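**Q** Coordinates for the following, if possible.
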Amino acid sequence: MTLTQLRFSFDLVAVLFMYDEYTNAVDREGAHAYVEIGPDALRSPYLERPKGELMLGEIA
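**A** The predicted model follows:
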């Protein structure tokens, strides 16, 4: 395993941990909204994130 692959693995675990922490504090609909933030951020990485959105979009 290269250092780049190792770094990516650790970053992914950190993001998944943050998602877990945020989704534990909300109901089903809130968790679903949070889950939509990550893929949207990955599909459009250079677009500015909406105002008031959780930091999950920036992190992802």
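
**Q** for Ala31, what are its contacts?
**A** Thr23 (Cβ atoms under 8 Å, 6 or more residues apart in numbering). Every C-beta, even on glycine, is put in place using the N, C-alpha and C of the backbone.

**Q** Could you do Asp40 as well?
**A** Gly57.

**Q** quick one: it and Ser9, what's the gap?
**A** 23 Å (Cβ to Cβ, to the nearest Å).

**Q** Over to Asp27?
**A** From Asp27 to Ser9 the distance is 31 Å (Cβ to Cβ).

**Q** okay, these two: which has more neighbours?
**A** Ser9 (11 against 8; other Cβ atoms under 10 Å).

**Q** Return the backbone torsion pair for the more buried one.
**A** For Ser9, the backbone dihedrals (degrees, to the nearest 10) come out as phi -60, psi -40.

**Q** What separation do you get for it and Ile37?
**A** In this view, Ser9 and Ile37 are 21 Å apart by Cβ to Cβ.

**Q** Repeat that for Asp20.
**A** 14 Å.

**Q** So the two - more neighbours on which side?
**A** Between Asp20 and Ile37, Ile37 has the larger neighbour count (other Cβ under 10 Å), namely 21 against 9.

**Q** Quick check, pLDDT for Glu29.
**A** pLDDT for Glu29: 89.

**Q** One more: the one 5 residues further on?
**A** Tyr34 carries a pLDDT score of 85 in this model.
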